[in-house]
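Enquirer: Return atomic coordinates for the entry below.
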Amino acid sequence: MKEASGRRRTVRISDVAAAAGVSKTLVSYALNNRPGVREETRERIVEKARELGWTPSLPARALSVSRAYAIGLVFEKSPEALASDQYYTSLMAGLQSVLANERYSLVTEVVESTEAEREAYLRLAQDGRVDGMVIVDLRQDDPRFALVREAGLAFVSLGWPPERTTMPVLVYDESEAITDVVRHLVDLGHRRVAQVVGPQTNAPARLRRELYQKRFREHGIDASRWIESDYTAAGGRAATAALLDGDRRPTAIVYSNDLMAVAGMSAAFSRGLRVPTDISIVGWDDITISQYLHPALSTVTQHPFDDGKVAATLLLEAIGGREFVEPVWMPNPRFVPRESSGPASA
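Expert: You can find the predicted model right below:
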């Protein structure tokens, strides 16, 4: 490899990792003939190293297994939104429960723009502060995967990445839970249904909204009424107010998280409406308080603590050189009907 000046530049492990589409740790394992690397992958890495003109450096070899003993997690959201989101606090608790036992740290950053997120990823990678990243809130054509690949970092993805990878990927299927929610509301006689959804730049939020719409249409129900919000209580209350104060008030509202649903119940109560007599409410997440509300919230339960534990375990294995050829399927979300959903009002 040559610099713009024409001088030959030293080829680094990170250059080989980027060219081969693997982590720096895996390149180190392959070039040092350490166990844990599939033979075809080792051959591909060695071939890329040869093409780039890589030669071993004695100081670099001595440091080839040095680590930061930390993994990174960057959130693109406001600190206030993160603080009130029990899903992510539970996810981080699950991550930490594994990392602490392995003497690893969790380095988190909270940013409020895509550019700031990119800078955070580059800073963590270039400063050598982390050995891998946990990637959440996937987006369409998500640029973060290219960033970690170019940096030669291991990662774990919570959701389907935009391209095939040998890194761990955690997935689950929401379709059964959504089908159960829709059948529940249809059986209760609801025909005017609306959604309060998460940011539609978020791929899982968009897919959830679209799947709800598809299932409602299968029952002949117009599912075109939805309002985009931001997963916060304030956003959920404002979106609910717009639906309740508009024409043809819905008899049921489905929310993309429990926090917005709880705030939606508050908006309904402030207008003299009874839940579920006048309007039914269904959430998503099953946060701790959901079952203790009056009425108790019908919702979809998830497993963020377990997701965090499995994500941390597999990421540490990836940092150690393990390759993953198939996604890891987690338990599917499950609908839990409670008192906030009832027969449709006239």
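Enquirer: low pLDDT regions in this structure?
Expert: Under the criterion pLDDT under 70, the flagged ranges of the chain are 1-9, 33-36, 56-66.
Enquirer: All the strands of it, in order from the start?
Expert: 70-76, 105-111, 132-135, 154-158, 169-171, 193-197, 226-228, 252-255, 280-282, 299-301, 328-329, 334-336 (DSSP state E).
Enquirer: Tabulate those (CSV), appending distance to residue 212 and mean neighbour count.
Expert: Heads up, the C-betas are built off the backbone N, CA and C, glycines and all. Rendered in CSV, the data for the strands of the chain read as follows (distance: least, Cβ to Cβ, whole Å; neighbours: other Cβ atoms under 10 Å):
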stretch, distance to residue 212, mean neighbour count
strand 70-76, 24, 22
strand 105-111, 29, 17
strand 132-135, 25, 24
strand 154-158, 21, 26
strand 169-171, 19, 18
strand 193-197, 6, 26
strand 226-228, 8, 19
strand 252-255, 6, 30
strand 280-282, 10, 28
strand 299-301, 11, 24
strand 328-329, 22, 13
strand 334-336, 12, 17
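Enquirer: wait, which of these is closest to residue 185?
Expert: Between residue 185 and these, the shortest separation by Cβ to Cβ is 5.2 Å, and it involves strand 252-255.
Enquirer: Other residues contacting the closest one?
Expert: Where contact means Cβ atoms under 8 Å, 6 or more residues apart in numbering, the residues beyond strand 252-255 that reach it are 181, 185, 188, 190, 192-196, 212, 236, 240, 243, 261, 264, 279-284, 341, 344.
Enquirer: so what strands line up beside that strand?
Expert: Paired neighbours of strand 252-255 in the sheet (DSSP bridges): strand 193-197 (parallel), strand 280-282 (parallel).
Enquirer: Can you mark which positions in stretch 90-99 are buried?
Expert: Neighbour-count burial for stretch 90-99, with 16 or more other Cβ atoms under 10 Å as criterion, is recorded at 90-92, 94-96, 98-99.
Enquirer: just stretch 242-262 next, same as before
Expert: 243-244, 249-262.
Enquirer: Using the record's assignment, carve the protein into domains.
Expert: 13-62, 70-172+304-329, 175-302 (automatic domain parsing).
Enquirer: Quick one: closest of those to residue 337.
Expert: domain 175-302 (4.9 Å).
Enquirer: from the middle of its chain, how far away would that closest one be?
Expert: In terms of Cα atoms, centre = their mean, to the nearest Å, the centre of domain 175-302 is set 21 Å apart from its chain centre.
Enquirer: Renumber starting at 4 from here on
Expert: Sure, I'll start counting at 4 from here, so that last one is domain 178-305.
Enquirer: Show the end-to-end separation of that domain, please.
Expert: The first and final residues of domain 178-305 sit 13 Å from each other (Cα to Cα, to the nearest Å).
Enquirer: Extract the C-alpha set from stretch 99-113 and format it as PDB.
Expert: Included here for stretch 99-113 are C-alpha records, laid out as PDB according to Å, rounded to 0.1, in the frame of the first residue of the first chain:
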ATOM      1  CA  GLN A  99     -23.100  -6.000  32.600                       C
ATOM      2  CA  SER A 100     -24.100  -9.100  34.500                       C
ATOM      3  CA  VAL A 101     -21.800 -11.100  32.100                       C
ATOM      4  CA  LEU A 102     -19.100  -8.500  31.500                       C
ATOM      5  CA  ALA A 103     -18.400  -8.000  35.200                       C
ATOM      6  CA  ASN A 104     -17.600 -11.600  35.700                       C
ATOM      7  CA  GLU A 105     -15.200 -11.500  32.800                       C
ATOM      8  CA  ARG A 106     -13.500  -8.300  34.100                       C
ATOM      9  CA  TYR A 107     -14.800  -6.300  31.100                       C
ATOM     10  CA  SER A 108     -16.300  -2.800  31.200                       C
ATOM     11  CA  LEU A 109     -19.200  -1.400  29.300                       C
ATOM     12  CA  VAL A 110     -18.500   1.900  27.700                       C
ATOM     13  CA  THR A 111     -21.700   3.800  26.800                       C
ATOM     14  CA  GLU A 112     -22.100   7.000  25.000                       C
ATOM     15  CA  VAL A 113     -25.400   8.900  24.400                       C
END
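Enquirer: What lies in contact with that stretch?
Expert: With Cβ under 8 Å, 6+ apart as the test, stretch 99-113 has contacts from 72-78, 80-82, 85, 95, 98, 123, 127, 132-133, 308, 311-312, 315-316, 319.
Enquirer: still on that earlier bit, let's have the strands of the chain in JSON lines, adding distance to residue 296.
Expert: What follows is the strands of the chain, written out as JSON lines (distance: least, Cβ to Cβ, whole Å):
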{"stretch": "strand 73-79", "distance to residue 296": "27"}
{"stretch": "strand 108-114", "distance to residue 296": "28"}
{"stretch": "strand 135-138", "distance to residue 296": "31"}
{"stretch": "strand 157-161", "distance to residue 296": "28"}
{"stretch": "strand 172-174", "distance to residue 296": "30"}
{"stretch": "strand 196-200", "distance to residue 296": "17"}
{"stretch": "strand 229-231", "distance to residue 296": "22"}
{"stretch": "strand 255-258", "distance to residue 296": "13"}
{"stretch": "strand 283-285", "distance to residue 296": "10"}
{"stretch": "strand 302-304", "distance to residue 296": "10"}
{"stretch": "strand 331-332", "distance to residue 296": "31"}
{"stretch": "strand 337-339", "distance to residue 296": "13"}
